[in-house]
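Student: Show me how the following folds:
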Amino acid sequence: MTRHDGPVPELVPQLSRGKHRNPRKGACFMELASFLAGERWSDHPACTHPLLAALARLVNDHTSDAGRRELAPLVPSVIGLNGDDPAVDVQVTLRAATTALPVVAAERQRVLAVSILAAERMRDDLEGRPPGTLSPGSRWALAQAPDAERWARSFTREIRTSLKGFRRYAAANTLRQAVVGVAQACIPDPDRVLREMLTAAIDDCRRILGHGDRAAVAVDPASWRAAVELTTTGRAAR
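Tutor: This next block holds a predicted model:
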């Protein structure tokens, strides 16, 4: 596990959209994670599971400038969350899809309903569950879009996805559909929904990987909050 036990920098790079050449130009969520973890500057650091990192980059880029400052306190919690367990890919995919399905536009609901059914089939195979089992979160999300569920069940009746194909293609596409769909949804606070999606996915990964609180970078939480507040507002946190 990558850890950085040094002091929190007095100022941290400010979160902004896209990739940045160096910290002086700003940082996306995962670049800030690489900075804090003591890794080489990168938006694909080794300290975080690739799919969780992909979700973090998408949420960073599709959150408003005003809402993005609320993401910075989450950065330490993704450091050290990595492993080869395919259950991570399944759960992060389900978290994104089930969060987004009830609120996205109708044209995206079919795609996300298909993603939920495909991810649950992967879970059937991984856990030896009876075919067609649905977790409570999936059952609830699909119930919010019954037309999309009916279409997805018909569409996927004869389709099977390999674990390799799911991890390489289906999962990443689901995250993009979910995040972009929420960002464009006609809801009061899409930033909050995206932040809650990422927060829940981080908690899911911590539970599956068994890292518990050890997944967080070894920095003082109060110092980190103060550094983030000073950077984003120009004044020290109270």
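Student: Looking at the helix ranked longest in the chain now, give me its mean pLDDT.
Tutor: Secondary structure assigned by DSSP state H gives helix 106-127 as the longest helix of the chain. For helix 106-127, mean pLDDT rounds to 96.
Student: buried set for that helix?
Tutor: Within helix 106-127, the residues that qualify as buried are 108-123, counting by 16 or more other Cβ atoms under 10 Å. Every residue, glycine included, has its C-beta placed from N, CA and C.
Student: ok, now stretch 31-38?
Tutor: The neighbour-count check on stretch 31-38 (16+ other Cβ under 10 Å) flags Glu31, Leu32, Ala33, Ser34, Phe35, Leu36, Ala37 as buried.
Student: Least confident secondary structure element in this protein?
Tutor: Using mean pLDDT, DSSP states H and E, the weakest-scoring helix or strand in the chain turns out to be helix 221-233, at a mean of 57.
Student: and the residue nearest the centre of the chain, what helix or strand is that in?
Tutor: Among the residues of the chain, Leu55 comes closest to the average C-alpha position under Cα atoms, centre = their mean, at 3.4 Å. In this structure, Leu55 sits in helix 50-62 according to DSSP states H and E.
Student: which strands and helices sit next to that helix?
Tutor: On a contact count with 3 or more Cβ pairs under 8 Å, 6 or more residues apart in numbering; DSSP states H and E, helix 50-62 meets helix 29-37, helix 86-100, helix 171-184, helix 190-209.
Student: can you redo the ones you listed as JSON lines with distance to Leu71 and mean pLDDT?
Tutor: Formatted as JSON lines, the helices and strands packed on helix 50-62 follow (distance: least, Cβ to Cβ, whole Å; pLDDT from 0 to 100):
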{"stretch": "helix 29-37", "distance to Leu71": "6", "mean pLDDT": "91"}
{"stretch": "helix 86-100", "distance to Leu71": "16", "mean pLDDT": "97"}
{"stretch": "helix 171-184", "distance to Leu71": "13", "mean pLDDT": "97"}
{"stretch": "helix 190-209", "distance to Leu71": "6", "mean pLDDT": "97"}
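Student: Now render the ones you listed as JSON lines, adding distance to Pro131.
Tutor: Converted to JSON lines, these look like this (distance: least, Cβ to Cβ, whole Å):
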{"stretch": "helix 29-37", "distance to Pro131": "36"}
{"stretch": "helix 86-100", "distance to Pro131": "15"}
{"stretch": "helix 171-184", "distance to Pro131": "20"}
{"stretch": "helix 190-209", "distance to Pro131": "22"}
